[in-house]
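# Structural data only, the sequence is not supplied:
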């Protein structure tokens, strides 16, 4: 499994709840600071991160994302 954290910028107040509807998102929560929410994802292969990020960008109100991949 590959784990990543995707930071999400969105003015929508319920963005963290919307992120949880995506299958590979194992946790999400609102944050303060430059980004408004964090999505923690687990995927089988590295390419899956791009697929999840694409799904997140399709959510109405998402302005941008930044992804960090766990390194072990």
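Here it is on my side, so go on. Values in this document were obtained by computation on a predicted structure and should not be read as measured data. Numbers count the residues shown, from 1 in each chain.
# And the pLDDT at residue 12?
Looking at residue 12, its pLDDT reads 86.
# Just to be sure, it is in a helix?
No. Applying DSSP: H, G, I helix; E, B strand; the rest coil, one finds residue 12 to be coil, outside a helix.
# SS state for residue 8?
strand.
# beta partners for it?
With DSSP bridges applied, residue 8 shows beta-bridge pairing to residue 37, residue 65.
# what sits against it?
With C-beta atoms under 8 Å, 6 or more residues apart in numbering as the criterion, the residues that contact residue 8 are 15, 19, 35-39, 56, 62, 64-65. Bear in mind the C-beta positions are built from the backbone N, C-alpha and C, glycine included.
# could you flag which of the residues you listed are buried?
The neighbour count (16 or more other C-beta atoms under 10 Å) marks 15, 19, 35-39, 56, 62, 65 as buried among the contacts of residue 8.
# per-residue pLDDT, residue 29?
96.
# next one: the helix or strand where it lies to chain centre, how far?
Per DSSP states H and E: residue 29 is located in strand 25-30. Per C-alpha atoms, centre = their mean, to the nearest Å, the displacement of strand 25-30 from the mean C-alpha position of its chain is 7 Å.
# List the buried residues in that strand.
Per 16+ other C-beta under 10 Å, strand 25-30 contains these buried residues: 25, 28, 30.
# Could you tell me which strands that strand is paired with, and in which direction each runs?
Here strand 25-30 has these sheet partners by DSSP bridges: strand 37-43 (antiparallel).
# Beyond the partner strand, next helix or strand please.
Next along from strand 37-43, by DSSP H and E: helix 47-57.
# picking that back up, what's the closest of the buried residues of strand 25-30 to residue 11?
Comparing the buried residues of strand 25-30 against residue 11 with C-beta to C-beta places residue 30 closest, at 12.0 Å.
# didn't that closest one look like it was pressed against residue 15?
Yes. Using C-beta atoms under 8 Å, residue 30 is in contact with residue 15, at 7.3 Å.
# what is in contact with those two at once?
Common contact partners of residue 30 and residue 15 (C-beta under 8 Å, 6+ apart): 36-37.
# Please tell me how far residue 44 sits from residue 62.
Per C-beta to C-beta, to the nearest Å, residue 44 is found 24 Å from residue 62.
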